[in-house]
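Asker: A predicted structure for the sequence below; I have some questions about it.
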Amino acid sequence: MSDAPRSANLPDTCSQPAGKLRPVVDPAKCEAKADCVAVCPVAVFRVERIRPEVFRRLPATANSPH
């Protein structure tokens, strides 16, 4: 495995026009480790606390510790 940052092989800009791509994160699968933030070359992602209304809709298995 390379010591280079994971984003080293990614482009510096997005080749699609603004609004064409809409990344969607499944909150039931997100582990909040910020990998998406680290590798995104155009600052699309941020890690924040899950809103209560979203948290309540998660499956019970997503709410339990690993």
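Answerer: Perfect, thanks for sending it. Not measured: the values here are computed from a predicted model.
Asker: pLDDT weak spots in the protein?
Answerer: The model of the chain has pLDDT under 70 over residues 1-12, 61-66.
Asker: Where do the helices of it begin and end?
Answerer: In the chain, the helices defined using DSSP state H lie at 35-39, 52-57, 60-63.
Asker: Point out the most buried one among those helices.
Answerer: For the helices of the chain, the largest average neighbour count (mean count of other Cβ atoms under 10 Å) is found in helix 35-39, namely a mean of 13. C-beta coordinates here come from the backbone N, C-alpha and C atoms, glycine included.
Asker: how about the helices of the chain in a markdown table, adding distance to residue 17?
Answerer: A markdown table is the format used below for those (distance: least, Cβ to Cβ, whole Å):
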| stretch | distance to residue 17 |
| --- | --- |
| helix 35-39 | 21 |
| helix 52-57 | 29 |
| helix 60-63 | 34 |
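Asker: Any idea which of those helices gets closest to residue 14?
Answerer: Residue 14 lies closest to helix 35-39 among those, at 13.0 Å (Cβ to Cβ).
Asker: so how far is residue 55 from residue 30?
Answerer: 12 Å (Cβ to Cβ, to the nearest Å).
Asker: again, but for residue 37
Answerer: Taken as Cβ to Cβ, the span from residue 37 to residue 55 is 20 Å.
Asker: next one: residue 47
Answerer: 15 Å.
Asker: cool, residue 40 as well?
Answerer: 24 Å.
Asker: With residue 36 instead?
Answerer: Per Cβ to Cβ, residue 36 is found 19 Å from residue 55.
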